[in-house]
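>>> only the shape, not the letters, is given here:
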C-alpha cells in the first residue's frame, strides 16, 4: 500500500515527535508550565490521527473527523485554559474558563469532514484568550515567545485555508511547517521564567 500523501506525512511527523517531547518534558519536571502538558498531548494525538489519515485517506477517514478535529479542539481549549491558570488567581481563572469551554462546546457539533475552518476559528478565539492572558507579562521573554507562537498559528491557519503549492509542498504541508515553528516558540516561552 503506497502512502497517499507522502510529503504531508513527512511534514506531520516532526510535529508528532516534538509534541510528544513537549508533553513528556513538561510532565517529567513539575513547574508552573506543567498544566500545558495536556494541550501538548492533545496536539500529539491530533497529529497522530492526521498522519494516519494522510497515509491512507480511505482506511483512516474516521480519524480525520473524530481524531484530528476532536483532539484539535481539545488542544485549543486546554491551551487557553492553561494560559488562564498561568496568569490569574485560581478563582478568576475558573470564572474565565467559561470562554474556552463554551467555545469547545460550540465547536464540537460544528466539526466538518471537508473543512478545517471550524478548527481555525476555534483556535483564533482561543489565541485571543491567550493573547489577553499574557498582556501583563509583556514584553518579557515568556510573553514574547507565546505571542510569537500565536502569530505563527494565525499564519499557519491562513496558509491552511489557501489553495497553494510551493515546490513540492501544498498548503497542508506549509501549514505543518509553520505550526512546527509555533510549537517550538510556545515551548521555549513556557520554559522561560519571565
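Perfect, thanks for sending it. Quick caveat, the model's predicted, so the values are computed rather than measured.

>>> which strands or helices does the helix or strand containing residue 151 pack on?
Mapping residue 151 onto the secondary structure by DSSP states H and E places it in helix 141-160. In terms of contacts (3 or more CB pairs under 8 Å, 6 or more residues apart in numbering; DSSP states H and E), helix 141-160 is packed against helix 117-133, helix 171-191. Where you see a C-beta, it was placed from the backbone N, CA and C, and this is true even at glycine.

>>> what about residue 190, neighbour count?
For residue 190, the count of nearby residues is 25 (other CB atoms under 10 Å).

>>> next, give phi and psi for residue 88.
phi -130, psi 160 (degrees, to the nearest 10).

>>> which residues touch it?
Under the criterion of CB atoms under 8 Å, 6 or more residues apart in numbering, the neighbours of residue 88 are 96, 133.

>>> where's it relative to residue 40, distance?
According to CB to CB, to the nearest Å, residue 88 stands 21 Å off from residue 40.

>>> equivalent analysis for residue 111, please.
21 Å.

>>> who's more crowded, those two?
For residue 111 versus residue 40, neighbours defined as other CB under 10 Å are more numerous around residue 40 (27 against 18).

>>> which of the three states applies to that one?
Assigned by DSSP: H, G, I helix; E, B strand; the rest coil, the conformation of residue 40 is helix.

>>> repeat for residue 2
With three-state DSSP as the criterion, residue 2 was assigned coil.

>>> how about low-confidence regions in the protein?
113, 193-194 (pLDDT under 70).

>>> again, 80 this time
Under the criterion of pLDDT under 80, the regions of the chain flagged as low confidence span 1, 29-33, 64-65, 112-116, 136-140, 157, 159-167, 192-194.

>>> remind me, longest helix of it?
Across the chain, the longest stretch assigned as helix under DSSP state H is helix 6-28.

>>> if anything else comes up later, I'll come back, but that's it for now.
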